[in-house]
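[1] Sequence plus the predicted model coming up.
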Amino acid sequence: MKVPLSWLRDYVSVDVPVEELADRLGTATAEVEAVHRRGVADVDGNLGLYRVGRVVEAGKHPNADRLQLCRVDVGEQEPRQIVCGAWNFGEGATVAVALPGAVLPDGNRLEQAKLRGEVSDGMILSEQELELGQDHTGILVLTDPLEPGTPLADVLPLADTVFELEITPNRPDLLSVYGVAREVAALLDAELAPPPGKDPEPSGEEPVDVTIEDHEGCPRYIGRLFRDVTIAPSPLWLKARLTSAGMRPISNVVDVTNYVMHALGNPLHAFDFDTLGGRRIVVRRARPGEELTTLDGALRTLDPADLVIADAERVIAFAGIMGGLDTEVTERTVNVLLEAANFEPIGILRSSERHALRTEGSGRWEKGVDPHLAPQAAALATELIVDLTGARWTGQVDAQGELPQRPVVRFRPERANALIGVELPADEQARTLEKLGFEVAGQDVTVPTWRRDVTREADLVEEVARFHLDVVPFTLARGGDGLLSRDQKLRRLVEEALVGAGCSEAYTPSLTADDPAPDAIRLPVALSSDDAILRTTLLHGLVESAGRNVDAGSEDIALFEVARVYLPAGEPRPEERWHLGCIVEGGFSRAKGVLETLYGALHVALRVEPVERAFLHPGKSARCNAGWLGELHPSLLEGTWGVFELDLGALFSKVPERIVYEDVITYPALRQDLAFVVDEAVAAGDLVAAAQEAAGPELRELRVFDVYRGEGIGDGRKSIAFHAEFRSPERTLSDEDARVLREKIVAALAAQFAAELRA
């Protein structure tokens, strides 16, 4: 939610520095994500270099067909010569001028320049260059009678400060400038102006035909009819406010609906009255097979659960979400029907999700709009439409069902003090609530209609507390020992081990466009085509991250991620598991080295065996006791990359609960090399396991250092060479001891695998 300070000041006096206001709002009301300075910088006299000018001469540039050479009176003794590329003005026009030395809103400093041989001693400005609107096709022509040299800041909103607030879903009342002004008034103990908008005198009593068939979905519908409407661009003040608030100006009537929504929080819609079949409005549920072409040009098939606005013949709008293309207000519109309604939140949310259609209006309805706000919104819109379009307000109707009553909540000041932890006088607590619109009568507090989130005494205590946080003492929370769980500790150990192995942690999206699992969960309403499926593996995100690092020129890339994956469970919710994924430049051997480092840190024995996976390089893929390991298939990423992914739950189940200390063996080791010829299908890990079982604890290490296939070995067989280390914790082993252990190993491998000792 973007709140321009100039707009906020229409409703409440702000006499504190911008930084202080942002800090106080962030503490008591809503997080202030940013404070933007929009428009012309008001520093070092910069605003004084922007003036009203009058064109005293205008003609074609002698050396350029598309440029105009002008002389402009800016209140000085002599007019200034200015070259301009626009042709929507001529002699006598009143324009906005920036003089040399002025800093433009985009940060560039304007200097005197020569354009095609002619001096340009300033700049005639468009509304886009002043950040007052989107129009850049022509310069800004001022219609009011203004004296040349008048400071432009006196007639146009050249500079503004915009607060960007993060509004939580429980506070829809803050999705309006007036709602924020109410908070500011309470924070600064300032007077809040009445809500904007006052009905002008109607110029007729035409009947407006509105029928509500579904009062649960639409408790209230106000329709107002305007005749002789002139559709035109909005005045600059309105364009500037909408632009500052993050909305695009379109035309006066449409801009009024957006302005009122931002000012008060109640979305509105305007129909071209002459396009309505039967000149009537019906609020109902969609019928099977009905379709609607919405304002974005999409043809949508409606669901019978969708709440719609219809005329006597067809659907003309998604209620609370988006209007229809056939009834939109255009430059040809002369009669307008204004809708100021109230819609039930859940139905709007479901329709919005069903059709993947999100709008500013639907976002507000989903959170809940004050059902009693529609008349005020209609009054402000009526005032503006009559004023800005020259229209006549000729008829209205207020169709409504049963509107909710204001709840009354019991409130005890002493209970508030106990929960807050500080003594606040009862009258001060009451005054705080009253400034926010609550009515206090003893222990009965009547909640305002715009605060749907306040339903119990604890909510009222929170309202008092957030305005007195500066006096609430800091205390340590009680309860819980604050210790990490076993899995949390192990996840941290995993992260530390991988960082120690030279890897950097990555964070990748949980949603993906594609996933290898055929039953991966697809979102019913995808955020986009790239964010449609819940990932079942971390591989894709890491491969994309590695690719981006390669494109950026990074070298020796090594990334890991510890995050959840989402596996189908046959239930509404997926099974969430913690996985570890890793990708390293350098291929299989480097990835296996990182994996060995990790297993060593966790005191878990690593066993791998061959397995084929489509995304791994043939012959360089394996599974281990908690996942898989391999070299990435070259078609997925250019270069040689090692990857692995582990299920941390499976890995942590093998981590010993207690690490038993083993004394350092001080006796020297006997080392020998052994080579065995075995069938191609025999795994080296199986040989190691059998040898360790046969030799016992005195075989301290048996490590593969070579695999040979070829001459002298035979087809379908291979030679695997091991470094063997024999050591005893009790004595120095002799050559005879080593011979006995060696014979045990040879005999065991021959018996189990028909292994032949080669060396």
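    Here it is on my side, so go on.
[2] Please enumerate the helices of the stretch 1-150 of the chain.
    Taking DSSP state H, counting those that start in this stretch as the test, the helices found in the stretch 1-150 of the chain are 5-8, 18-28.
[3] May I see the buried residues of the longest one?
    For helix 18-28, a neighbour-count test (16 or more other Cβ atoms under 10 Å) marks 21-22, 24-25, 28 as buried. No exception for glycine: its C-beta is placed from N, CA and C like everyone else's.
[4] next one: stretch 342-358
    Neighbour counts over stretch 342-358 (16+ other Cβ under 10 Å) mark 342-345, 347-352, 355, 357 as buried.
[5] can you tell me which two in the residues you listed are farthest apart?
    Between any two of these, the greatest separation by Cβ to Cβ is 21.0 Å, found for Asn342 and His355.
[6] neighbouring strands for the strand or helix carrying Leu292, and are they parallel or not?
    Leu292 belongs to strand 291-293 when assigned by DSSP states H and E. Here strand 291-293 is paired, per DSSP bridges, with strand 299-301 (antiparallel).
[7] Identify the residues contacting the partner strand?
    289-294, 318, 355, 357 (Cβ atoms under 8 Å, 6 or more residues apart in numbering).
[8] Most neighbours out of these, which is it?
    Neighbour counts for the contacts of strand 299-301, by other Cβ atoms under 10 Å, peak at Phe318, which reaches 28 neighbours.
[9] ok, it - contacts?
    292, 294, 300, 306-309, 324, 351, 355, 357.
[10] Please flag which of those sit within strands.
    In strands, judged by DSSP state E, the following of the contacts of Phe318 are found: 292, 300, 307-309.
[11] got JSON lines for those residues, with pLDDT and distance to Val74 too?
    Formatted as JSON lines, the ones in strands among the contacts of Phe318 follow (pLDDT from 0 to 100; distance: Cβ to Cβ, whole Å):
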{"residue": "Leu292", "pLDDT": "96", "distance to Val74": "53"}
{"residue": "Arg300", "pLDDT": "94", "distance to Val74": "53"}
{"residue": "Leu307", "pLDDT": "97", "distance to Val74": "56"}
{"residue": "Val308", "pLDDT": "97", "distance to Val74": "55"}
{"residue": "Ile309", "pLDDT": "97", "distance to Val74": "51"}
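[12] in this structure, what secondary structure element scores lowest on mean pLDDT?
    For the chain, counting by mean pLDDT, DSSP states H and E, strand 608-610 ranks last in confidence among helices and strands (a mean of 83).
[13] quick one: contacts of whatever helix or strand comes next after that one?
    Per DSSP H and E, strand 608-610 leads on to strand 616-624 as the next helix or strand towards the C-terminus. By Cβ under 8 Å, 6+ apart, the residues outside strand 616-624 that reach it are 587-588, 595, 606-613, 628-634, 643-644, 646.
[14] go again using 7 Å as the cut-off
    Residues outside strand 616-624 that contact it (Cβ atoms under 7 Å, 6 or more residues apart in numbering): 588, 606-613, 628-634.
[15] And stretch 76-94, by the same measure?
    52, 54-58, 61, 66-74, 95, 115, 118-124, 138-139, 141-142, 146.
[16] How far does it sit from its chain's centre?
    45 Å (Cα atoms, centre = their mean, to the nearest Å).
[17] circling back: helices or strands up against the least confident helix or strand of the chain?
    Judged by 3 or more Cβ pairs under 7 Å, 6 or more residues apart in numbering; DSSP states H and E, strand 608-610 is in contact with strand 616-624.
[18] quick one: buried residues of the strand it packs on?
    616-617, 620-624.
[19] quick one: average confidence on that strand?
    On average, the pLDDT along strand 616-624 is 88.
[20] quick one: contacts of the next helix or strand after that strand?
    For strand 616-624, the following helix or strand on the C-terminal side (DSSP H and E) is strand 627-632. Contacts to strand 627-632, defined as Cβ under 7 Å, 6+ apart, come from residues 587-588, 591-592, 595, 608, 611, 613, 616-617, 620-622, 640-647.
[21] Selection in ChimeraX covering whichever of those are buried, please.
    Those of those that count as buried under 16+ other Cβ under 10 Å are selected in ChimeraX with:
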select :587,588,591,592,595,608,616,617,620,621,622,640,641,642,643,644,645,646,647
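[22] Now Gly627. Nearest residue, chain neighbours left out?
    Residue nearest to Gly627 in three dimensions, not counting chain neighbours: Leu646, with 3.7 Å by Cβ to Cβ, 6 or more residues apart in numbering.
[23] now do Arg248
    Sequence neighbours aside, Gln134 is the residue nearest to Arg248 in space, at 6.0 Å (criterion: Cβ to Cβ, 6+ apart).
[24] go on, Glu339?
    Once flanking residues are discounted, Glu339 sits nearest to His269: 4.4 Å by Cβ to Cβ, 6+ apart.
[25] my guess is that neighbour contacts Ile316, does it?
    No - judged on Cβ atoms under 7 Å, His269 makes no contact with Ile316 at a distance of 9.9 Å.
[26] coming back round to it: turn the contacts of strand 299-301 into CSV, columns for distance to Tyr11.
    Converted to CSV, these look like this (distance: Cβ to Cβ, whole Å):
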residue, distance to Tyr11
Gly289, 47
Glu290, 42
Glu291, 42
Leu292, 37
Thr293, 38
Thr294, 33
Phe318, 31
His355, 35
Leu357, 32
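[27] Out of those residues, the closest to Gly204 would be?
    Scanning the contacts of strand 299-301 for proximity to Gly204, where the rule is Cβ to Cβ, the winner is Phe318, at 30.2 Å.
[28] bridging residues for the closest one?
    Residues in beta-bridge contact with Phe318 (DSSP bridges): Val308, Met322.
[29] How about Val584, nearest residue that isn't a chain neighbour?
    Using Cβ to Cβ, 6+ apart, the closest residue to Val584 is Ala558 (4.3 Å).
[30] show me the contacts for the one you found.
    So Ala558 contacts 502-504, 584-585 (Cβ under 7 Å, 6+ apart).
[31] any idea how far it is from Glu505?
    Using Cβ to Cβ, to the nearest Å, Ala558 is found at 10 Å from Glu505.
[32] residue contacts, Arg171?
    30, 453.
[33] scratch that, Arg717 is what I was asking about
    Contact analysis of Arg717 by Cβ under 7 Å, 6+ apart lists 677-680.
[34] so where do the helices sit in the stretch 301-450 of the chain?
    Using DSSP H, counting those that start in this stretch, helices in the stretch 301-450 of the chain cover 345-354, 360-367, 374-389, 413-420, 426-435.
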